[in-house]
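Peer 1: compute the structure for the input listed below.
(chains A, B and C)
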Amino acid sequence: MEDKQIPVQTSAASNVLFIRQLFDQNEYLVVRDISGTDNERAILVYINVLIDEKALNEFIIRKISEDQSRLDQASGGTILDSLHTVGSVASIPLIGDAAAFIADAGILLFVDNHSSAYGIKLPGYETRAIEEPKIEVNVRGPRESFIEDLHTNLSLIFRKLKTPDLKTISYLVGTESQTRVTLLYLEKKIDPDVLNELKSRMDKIRLDILIANTQIEEWIQDNTWSPFPQVLNTERPDRVVTALNRGKAAIISDGTPIALIVPTTFFEMMHPSEDLYERFYFANFLRVLRLITLFISLFGPALYIAVTTFHLEMIPTPLMMAFLSSKAGVPFPTFVEAILMEVSFEILREASLRLPRAVGQSVSIVGALVIGEAAVQSGIVSRPMVIVVATTGIASFTIPAFSTALSFRMLRFPFMLLAAYIGVLGISLGFLALLFHLCSLRSCGVPFLNPVSGKGWRATLQQFILPPAKYRIRNKGGS
Amino acid sequence: MVNNAVCAIAIGYGIGACIALQRRGSGREGAAVLLLCVVVAAYCAPVIGKSMPTVESAYKRIYGPISSYMLEKLGIR
Amino acid sequence: MQEKVSPGAWICLIFSFISGFSTLFLQEAKLLEQDVWLSYLCGIAMSFGVLAVLYLAQRNYPGLSMTEVFDRLLGKQIAKICLCLYLVYILEIQGAAFQALTLFYRTVVLPNTSSGQIILLIALTTAYASSLGLGAIVRTVQVLLCFFLFFMLVIVVFIYKNVTINPFLPLFQHRAPEIAFGGLLSLYFPFGKSIVFCFLFSRVTNRKKLLPSTLIALSLSGLYLFAATYLSFGSLGMNLVQSVTFPFFSAIQLVRFGEYLERIEIMIIGIWTVFTLFEIIVLQFVFMQVFEHIFALKHVRALALPVGLLFFAMSHRSFVHQADLSFYNFRIGPFSTLLPTVVIPLLLLLISLLKRGNRSGEGGPLLASSDDARRPRS
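Peer 2: Residues are numbered from 1 along each chain as shown, chains lettered A, B, ... in the order given. As a prediction, this is how the structure comes out:
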């Protein structure tokens, strides 16, 4: 903290000495005296693994040398003038800020008789190319996704929103990592109360290092203990742009290929961006299908347990005979069967995420065969249970928001427990508690699950039924 | 079994919540919570619970004669 | 800050509060048979009248909640006693509700589960729900109402196929005292319970629409109850309705989808259960609000679990036998409900009119002072 307040000295050598002390034991710190004279020294300092040394030599050093030869003058002032012609030069009066500038892929120039350091950002580290989204895959619509570089991500958004109304606020999060985070919003569309609330939450973040956006999410969300995310995360720039147009704010941080969108609602988590790119018939059909699959993924095993344990009379007689005959010889009650199969399925799912691609597919097939066929053949589980678990697992993949899908996956187990304990009553009570919890959640002060939108009946209807594009609400609600 | 469990939970929660609320400066709330929990524990206690008065038993005593009289007057069986 | 409720949400809340349990026993239908619609009309009219009376009493104190109006009109000590009577009333209603639900489940669905376990689970769920605040309760009602109405519509359509005659003919076959008593039964259960909503008047955004919204909600509840009664009588017949404990659900049991799918009432019961719990949740919420005012508390959330456990304890010790509930609902309830739902509201109206008359006579302001409006409400 004290280092940050020390001003840059007028002696370049003493500044460099100070910087060397700060970056002690860092063998990648490079100090280059480029003045060529002892009268007014000019010294470049940078970390060579961070900057583009080739560009430094080819453009900056060469320009400086050429200017020195042309003017037949070798002084710190000449070098500084040359530097100004090459790029945008920042003036840094404090040593601490100068050290941070070097750590952030900048080259710094100390000049004798100048009480500021001068810096140009020249990042030279490798970044990933823009690829197709891996999680939020579209059939139609754009196929770009964010990468780890903040500038590239911002450019993806600025290209799509060519309006001066797009505002940004920058933060440096992490006392050690000093990670750049940008908050974006459209000034005329965002609710000022929401923006102020978000800004105050961003100001309160206290972290040593910021590696992923999840850390920011945990600081700005309303309810830390809820299993449900109250902040939408997306890897798609088009989704961010749509959200900004709807009056939301987006948070993008350096080093994370995911943007956060705040505030969000349950409906936005359930409706992917693809809905906007398809014809409205199909989009609405998929919305209904997603609700059904959400219901199946959450209640499928629980309903099966409840019906087969407590309410057998619900099942038509021929089907009931089939169930009973398939269950004959299975030593475990339905609940234990369900737990065994669900846990096995979750193990398989987690393992497949970490398997090398070469063997992943083979292991998946083997796992399915082992779990499915062998377990049935050996009488550990019954066939209907395998069908239920498989259907439930596939249904859970239709939920667009990955974090929300995880939450529902996890909640399946308490429902199974309740169903095994008291059947349909347990499921009803669990459902009610879950619904109340969702309705009590807020995202930056905005209710998370509010069936009646405060923006009028058209906005309310649009939460459920997507009209054709030309009938959608524009400005705050439309796309 | 359920009653015993609730009795124990009520006592434990009542004392714990009362202490926690007192520390936070909400003495009144703490006392109210403790009062409610004591009532709950009394109703769920093994022996005395069954003899505790309920709204049903109290109203039956109070309104029973009124009800019989009125229904007789109205001729409703 | 306390969340406010829009008039539309108010309608949904009252409708779900009343309609949840209303179709369970159909006790007034068993008494009045084809003339039961008269008792429903009486019940709706009396309930609306009582709520209007309380609204008028509160109108002179626009910035205050009902509990504070009690204080103003009756004096602090008498107000506390009256509010305690309402607490006892809530305990009475919720005790009956818990045991009715438990009885239903043990009869129809879970015969081997003890009533204590069922009541405890329900109490814990409703305690959690009531601790989340009125905003969450209202939003949940709005979400669930869509599902409930959809499934009920499907069921109604299928039950209607079994109805062959108009069960409400011939009209006026019962004596006036019987119809009057039926009206009293309807006031006790289900319509009179809506009296607890007077403690939430201050939470409605548009006060001018409060009474019309309340009337709409009561009417819709009456319509739903009427439809359920019509379908029960029409598909089961008068005699069977008299003898079964849960007539409407017995009517649902007759529904078959296609050749194979029957006994779907189990699924309907699941949805219906969720809906009925709103009555208990609202009762618990209002209980906490009134309790908070009586004891001048600031933080209500800590009370949620103790109140839930109190509801459990009181319910578990009440109506131990099935016959107790029927007896109470028929003989005691209609009379015990008169004090909180008729006498006290009329008393409040009378006192508020007298005070208004005194103020007019003295030339003072009729409305509450600005200081009153600025006081924090409970």
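Peer 1: need the contact list for A:Leu56.
Peer 2: Applying C-beta atoms under 8 Å, 6 or more residues apart in numbering or on different chains, we find A:Leu56 in contact with A:Tyr46, A:Ile107, A:Leu122. All C-beta atoms are positioned from the backbone trio N, CA, C, and that covers glycine.
Peer 1: go on, A:Tyr421?
Peer 2: No contacts exist for A:Tyr421 under C-beta under 8 Å, 6+ apart.
Peer 1: list the buried residues of the host helix or strand of it.
Peer 2: Element membership for A:Tyr421 (DSSP states H and E) is helix A:402-440. Neighbour counts over helix A:402-440 (16 or more other C-beta atoms under 10 Å in any protein chain shown) mark A:402-405, A:407-409, A:411-413, A:415-416, A:418-440 as buried.
Peer 1: same check, this time on stretch C:320-327
Peer 2: C:Asp324, C:Leu325, C:Ser326, C:Phe327.
Peer 1: and the helices in the stretch 1-150 of chain C?
Peer 2: C:7-22, C:27-32, C:36-59, C:66-74, C:76-108, C:115-131, C:134-160 (DSSP state H, counting those that start in this stretch).
Peer 1: report the longest helix in chain B, please.
Peer 2: In chain B, with assignment by DSSP state H, the single longest helix is helix B:2-23.
Peer 1: quote the end-to-end distance of stretch A:104-117.
Peer 2: Using C-alpha to C-alpha, to the nearest Å, the end-to-end distance of stretch A:104-117 comes to 15 Å.
Peer 1: average pLDDT across that stretch?
Peer 2: The average of the pLDDT scores along stretch A:104-117 is 88.
Peer 1: how far off centre is that stretch?
Peer 2: Put simply, stretch A:104-117 sits 36 Å off its chain's centre (C-alpha atoms, centre = their mean, to the nearest Å).
Peer 1: cool, stretch C:235-245 as well?
Peer 2: 25 Å.
Peer 1: rank the helices of the stretch 1-150 of chain C by mean pLDDT and give me the bottom one.
Peer 2: For these, where the average pLDDT is lowest is helix C:27-32, sitting at a mean of 85.
Peer 1: and that one, what does it pack against?
Peer 2: Here helix C:27-32 touches helix C:36-59, helix C:176-188, helix C:210-236, helix C:238-243, going by 3 or more C-beta pairs under 8 Å, 6 or more residues apart in numbering or on different chains; DSSP states H and E.
Peer 1: look at the residue of the stretch 201-350 of chain A found nearest chain B and give its secondary structure.
Peer 2: Nearest residue of the stretch 201-350 of chain A to chain B (C-beta to the nearest C-beta) works out as A:Trp225 at 17.5 Å. Here A:Trp225 is recorded as coil under DSSP: H, G, I helix; E, B strand; the rest coil.
Peer 1: state the distance from the closest residue to C:Ile93 other than its chain neighbours to chain B.
Peer 2: Leaving aside its sequence neighbours, C:Ile93 sits nearest to C:Lys193 (C-beta to C-beta, 6 or more residues apart in numbering or on different chains; 5.8 Å). Per C-beta to the nearest C-beta, to the nearest Å, C:Lys193 is found 14 Å from chain B.
Peer 1: A:Thr152 too?
Peer 2: 49 Å.
Peer 1: which SSE is that residue in?
Peer 2: Using DSSP H and E, A:Thr152 falls in helix A:150-160.
Peer 1: model confidence over that helix, on average?
Peer 2: pLDDT averaged over helix A:150-160 gives 92.
Peer 1: please name the strands paired to the helix or strand following that helix in the sheet, noting orientation.
Peer 2: Per DSSP H and E, the first helix or strand lying C-terminal to helix A:150-160 is strand A:166-173. Counting by DSSP bridges, the strands paired with strand A:166-173 are strand A:179-186 (antiparallel).
Peer 1: touching the strand it pairs with from outside, list them.
Peer 2: By C-beta under 8 Å, 6+ apart, strand A:179-186 touches A:104, A:150, A:154, A:157, A:161, A:163, A:165-173, A:195, A:198-199, A:202, A:209-210, A:216, A:240, A:244-245, A:247-255.
Peer 1: tell me the buried residues within those residues.
Peer 2: Buried by 16+ other C-beta under 10 Å: A:104, A:150, A:154, A:157, A:166, A:171, A:173, A:195, A:198, A:202, A:210, A:216, A:240, A:244-245, A:247-255, out of the contacts of strand A:179-186.
Peer 1: restricted to helices, list the residues you listed.
Peer 2: Per DSSP H, the buried ones among the contacts of strand A:179-186 map to helices at A:Leu150, A:Leu154, A:Ile157, A:Leu195, A:Leu198, A:Met202, A:Ile216, A:Val240, A:Leu244, A:Asn245.
Peer 1: what's the closest of those to B:Leu35?
Peer 2: When those are ranked by distance to B:Leu35 (C-beta to C-beta), A:Leu198 comes first, at 42.1 Å.
Peer 1: thought the closest one was touching A:Val262?
Peer 2: Yes - counting by C-beta atoms under 8 Å, A:Leu198 does reach A:Val262; the two are 6.0 Å apart.
Peer 1: which neighbours do the two share?
Peer 2: Joint contacts of A:Leu198 and A:Val262 (C-beta under 8 Å, 6+ apart) are A:Ile220, A:Ala249, A:Cys444.
Peer 1: so the nearest residue to the second one once chain neighbours are set aside bridges to which residues?
Peer 2: Closest residue in space to A:Ala249, ignoring its immediate chain neighbours: A:Tyr185 at 4.3 Å, by C-beta to C-beta, 6+ apart. The bridge-partner assignment for A:Tyr185, based on DSSP bridges, gives A:Lys167, A:Ala249.
Peer 1: pull the number of nearby residues for A:Tyr185.
Peer 2: Using other C-beta atoms under 10 Å in any protein chain shown, A:Tyr185 has 25 other residues around it.
Peer 1: can you check A:Asp97 too?
Peer 2: Neighbour tally, A:Asp97, other C-beta under 10 Å: 18.
Peer 1: swap in C:Phe295?
Peer 2: Neighbours of C:Phe295 (other C-beta under 10 Å): 14.
Peer 1: ok, C:Asn162 next?
Peer 2: 14.
Peer 1: can you name the residues that contact it?
Peer 2: Here C:Asn162 is in contact with C:Gly234, C:Ser235, C:Ala251, C:Leu254, C:Val255 (C-beta under 8 Å, 6+ apart).
Peer 1: state the pLDDT value of it.
Peer 2: 80.
Peer 1: export stretch C:281-293 to CSV, keeping only CA atoms.
Peer 2: Output of stretch C:281-293 as CSV, limited to C-alpha atoms (Å, rounded to 0.1, in the frame of the first residue of the first chain):
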residue,chain,number,x,y,z
ILE,C,281,-49.6,-20.2,4.9
VAL,C,282,-51.7,-17.0,4.9
LEU,C,283,-53.1,-17.8,8.3
GLN,C,284,-49.6,-18.3,9.6
PHE,C,285,-48.4,-15.1,8.0
VAL,C,286,-51.3,-13.1,9.5
PHE,C,287,-50.8,-14.8,12.8
MET,C,288,-47.2,-13.6,12.8
GLN,C,289,-48.2,-10.0,11.8
VAL,C,290,-50.8,-9.8,14.6
PHE,C,291,-48.5,-11.4,17.1
GLU,C,292,-45.8,-8.9,16.2
HIS,C,293,-48.1,-6.0,16.8
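Peer 1: good, wrapping up.
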